[in-house]
Structure formats: structure tokens, C-alpha cells
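Trainee: Need coordinates for the below:
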Amino acid sequence: MKTPDFDQAREYAISRLKNELSPKLTYHRLEHTTDEVVPSADRLASLEAVSDEDRLLLLTGAYYHDLGFIYQRQGHESYSIKLAEEILPTFGYTKDQLAVIRGIIQATRIPQSPTNLLGMIMADADLDYLGQESFWIRSNDLRKELENYWIKFEEKAWHAYQLHFIKAHQYFTASERSLRDGIKRQHMVEIQKQFDKEPQLK
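Mentor: Reported below is the predicted structural model:
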């Protein structure tokens with residue numbers, strides 16, 4: 001494999017995320033990429049015995065997966081892919097490597113439908129928070145972001161939204177299921193309790 005300049009590619013993505021993301025993105029902010037998705041993808045790459053070459057491409061995809069948010073929120077994955085295809089060749093990435101990265105980014109589109117191991121890892125890393133203790137903080141960040149884009153929920157409607165999402169979700173890798181499914185189920189039970197306590201929706 002021709003070794004691309006991963007460090008420069010990473011710094012480019014971080015710089016643009018840091019300087020160009022809207023402050024209205026309280027969930028999809030820089031730290032979602034740098035502190036959540038990238039470390040999770042790296043951890044799962046080790047647990048799933050991913051090769052060094054594939055790990056480099058996986059982590060590149062992780063750094064670029066939300067770059068499209070600097071242009072628009074809806075359909076941001078397509079913009080992320082477009083930016084990756086435009087920029088990464090300048091850091092030495094080949095067409096074959098770009099094809100892999102394209103699939104990695106695409107795997108984060110909701111509803112998730114990864115087609116290979118790298119996509120499965122990326123999909124799991126992107127929603128790792130569902131099985132994390134930080135779930136309640138991050139779900140509030142998501143609610144605030146939606147409100148910032150004029151998508152408002154009454155309390156029971158929010159619980160219903162959360163419950164529908166978490167029930168429909170599945171982790172794809174055995175490693176992530178082992179790490180996160182137990183806590184994710186606990187969150188689902190708690191959301192259900194909160195939903196049941198709220199008055200019926202009008």
C-alpha cells in the first residue's frame with residue numbers, strides 16, 4: 001500500500017471542523033469526532049483484529065465522516081464523501097483507498113447499513129454513545145441541536161423518539177455488542193419508564 005500522509009489529512013479535517021462547524025451543532029460538534037468516534041473506531045479496530053492498512057483508512061473515514069456538516073445538516077454524508085474525495089488525494093490517498101473511505105463514511109448514514117467490517121466498525125463507533133454512561137448528557141445535546149434547527153419535542157414525544165430509535169438500533173460487531181449492549185438495554189428500560197410516567201400525548 002502506498003502510505004498516505006494520515007497526520008496531515010487528520011489535521012486538515014480537525015481544522016475545518018473546529019473553525020467551520022455551526023455552534024448550533026451541540027451534538028455533532030468537533031468533540032463528537034475527536035473524543036468519541038475516532039477513539040471508539042480505533043478500539044474496535046484492535047478488538048476486531050483489523051490490519052494496519054485498514055485501520056489507517058478507517059480512522060481517516062472517522063475524521064472525515066461529519067465534515068459535510070460545515071455545509072449542511074441534512075444529507076451531510078454526501079458532502080463528507082465529496083470533500084474526502086477532493087482533499088485526500090492531495091495527501092497521497094489513492095483511488096482504491098478513497099473507495100474504501102467512501103464506504104466507511106456511507107456506513108454512518110441513518111438507517112445504518114454497513115456492507116463490510118470497516119463499515120460495521122464505523123457504524124458502531126458513530127453510535128457508541130447509546131451504550132455509554134454519557135448517554136443522557138449526549139442525548140440532551142442531541143435534543144438541543146434538534147431544537148436549534150426548529151425540531152422541538154414535548155417531553156413524552158422526546159421519550160417516544162428516543163425509544164423508537166434505540167429499539168430499532170443494533171450494533172454490528174461482536175466486540176461492540178459485548179461492550180455496549182448491556183448498558184444500552186438499561187437505557188432503553190429507563191426511557192420506557194420515563195415515557196410511561198408522562199401524560200398521554202394530545
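Trainee: Setting the sequence-adjacent residues aside, check what's closest to residue 38.
Mentor: In this structure, residue 38 finds its nearest non-sequential neighbour in residue 62, 4.7 Å apart by CB to CB, 6 or more residues apart in numbering. For glycine as for every other residue, the C-beta is placed from the backbone atoms N, C-alpha and C.
Trainee: what does residue 200 give?
Mentor: Per CB to CB, 6+ apart, closest to residue 200 is residue 156, 7.4 Å.
Trainee: Quick check: residue 146 vs residue 13, distance?
Mentor: As judged by CB to CB, to the nearest Å, residue 146 and residue 13 stand 24 Å apart.
Trainee: check contacts around the most centrally placed residue in the chain.
Mentor: The residue lying closest to the centre of the chain (CA atoms, centre = their mean) is residue 126, at 2.5 Å. Residue 126 sits next to 37, 65, 108, 112 when contact means CB atoms under 8 Å, 6 or more residues apart in numbering.
Trainee: Tell me how many other residues crowd the second one.
Mentor: Spelled out, it's residue 65. For residue 65, the count of nearby residues is 30 (other CB atoms under 10 Å).
Trainee: That one reaches residue 81, doesn't it?
Mentor: No: applying CB atoms under 8 Å, one finds residue 65 not in contact with residue 81, separated by 9.1 Å.
Trainee: Now list whatever residues contact both of those two.
Mentor: With CB under 8 Å, 6+ apart, residue 65 and residue 81 have common neighbours residue 105.
Trainee: surely residue 36 meets residue 128?
Mentor: Yes: if you go by CB under 8 Å, residue 36 and residue 128 touch, sitting 6.4 Å apart.
Trainee: Which one of those two is surrounded by more residues?
Mentor: Between residue 36 and residue 128, counted using other CB under 10 Å, residue 128 has the larger neighbour count: 24 against 19.
Trainee: Now that one: closest residue in space that isn't a chain neighbour?
Mentor: residue 40 (4.2 Å).
Trainee: give me every residue that touches the one you found.
Mentor: Here residue 40 is in contact with 124-125, 128 (criterion: CB under 8 Å, 6+ apart).
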